[in-house]
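Q: next comes the sequence, and after it the predicted model I'd like to discuss.
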Amino acid sequence: MAPNFHSHGCSYHLFHEADSGQALDRNVLARIHYGTGLATSPDPREINVALPQTGGAPVAEVWRSHRPVEHGWADGLGYAHNGEVVFGHVRLDEHDLADLVRATARAYLRIDLLLRRLGYPCWLRMWNFLGHINHGEGDTERYRQFSQGRHNALALKPGFETRLPAATAIGTQEGGMTVYFLAARDPGAQVENPRQVSAFRYPAAYGPKSPSFSRGCLKHWADSSHLFVSGTASVVGHQTLHPGDLLAQLDETHRNFEALLGQASALEPAAGPFSAVGLKVYVRPGHDSPELLPRVRRLFGDQVPVLCLAGDICRRDLLLEIEGLFTATAHSVSLQAVA
Ligand code: 3EB
């Protein structure tokens, strides 16, 4: 389905699960399966996320490399790398999460150690899936504890608020935590959204430590760029707009995408326009609507591959969150190709 071709970095694809029974070829960085009751694999590139897919035949998300990867397990983390990027993941079972703040901080420190050992110290994109993310009241809510642990780990890096990765944080019905991530040898550029207070500057009303992520991360490869757009919701300033109204939240989320893309384009005047490579739409279980997907397609374009997942959003009044991957080709490269 709608592959995008890059000769550098990595590329993103969706394949029907029915076609993905066979072993992974040498150029696969990671294959992510979404669903419940999934079988685990000894291949460190196979990742499971306990979120049901809604609508359509199930697909797997595949990240590919232009050249063969090296892969393995280290300290319980699965990884694959190609000289430019590393894709990896870690899984914690529920019994490891008794002290969620510490467990999260330790998981993030293990990731950081792996990335530095492999030589890919630059975090680009984090995906966090946490069971029962809205359980607990006030600052004991699991999302807030997760945020606190993540902050405790990332704040150890000098100047960390200028080098934060893009992120997604979504709740699963099964317990435990799965984190998967993409990092590089060389840094991307952090992009913030002019319509939104940066998440790392949220006031304490949202938790004792603000969420450590950027709204987007712009990464240049030799012949193209990727814009990794964080999970984006109906948040303007720092407040939730349209609580309880799924479709109004979608429209507001789309306005946030437009603003972020505008910001990234301003940072990247040499690049062509960004085009969407893929979107993931997360809807709180029980709040899906048949009107949603047609409206997503009308707003974002009907060609873009969309993966729809049922998952809890980290703020209780949010029903929807959308993340995206966009790409732009550098003008100078296309001119050289013509010459
Ligand atoms: C928001 O804008 C919505 O804690 O990693 C979106 C994406 C959200 C990532 C995270 C949280 C996270 O605040 C929530």
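A: Perfect, thanks for sending it.

Q: mind listing residues that contact the helix ranked longest in the chain?
A: Longest helix of the chain, by residue count under DSSP state H: helix 246-267. For helix 246-267, the surrounding residues in contact (Cβ atoms under 8 Å, 6 or more residues apart in numbering) are 189, 191-196, 215-216, 218, 227, 229, 232-236, 241-242, 271, 273-274, 283, 287-289, 291-292, 295-296, 299-300, 318-322, 324, 326. The C-beta positions use only the backbone N, C-alpha and C, and glycine is treated the same way.

Q: and the residues you listed, which of them are buried?
A: Buried subset of the contacts of helix 246-267 (neighbour count, 16 or more other Cβ atoms under 10 Å): 189, 191-193, 195-196, 215-216, 218, 227, 229, 232-236, 241-242, 271, 274, 283, 288, 292, 296, 300, 318-322, 324, 326.

Q: among those residues, which lie within strands?
A: Members of those lying in strands (criterion: DSSP state E): 189, 191, 216, 218, 227, 229, 232, 235-236, 283, 320-322, 324, 326.

Q: pick the one among those residues closest to the ligand.
A: Val235 (4.1 Å; Cβ to the nearest ligand atom).

Q: which residues does the residue lying closest to that closest one once chain neighbours are set aside bridge with?
A: Leaving out its chain neighbours, the residue that sits closest to Val235 by Cβ to Cβ, 6 or more residues apart in numbering is Gln196, at 5.8 Å. Beta-bridge pairing for Gln196 (DSSP bridges): Gly237.

Q: I'd assumed Val236 was in contact with Gln196.
A: Yes: shown here, Gln196 and Val236 form a contact pair, counting by Cβ atoms under 8 Å, at 6.5 Å.

Q: list the buried ones in the longest helix of the chain?
A: 246, 249-250, 252-257, 259-261, 263-265.

Q: got it, and stretch 104-111?
A: Quick answer for stretch 104-111 (16+ other Cβ under 10 Å): Thr104, Ala105, Arg106, Ala107, Tyr108, Arg110, Ile111.

Q: distance from the chain centre to that stretch, please.
A: How far stretch 104-111 lies from its chain's middle: 17 Å, per Cα atoms, centre = their mean, to the nearest Å.
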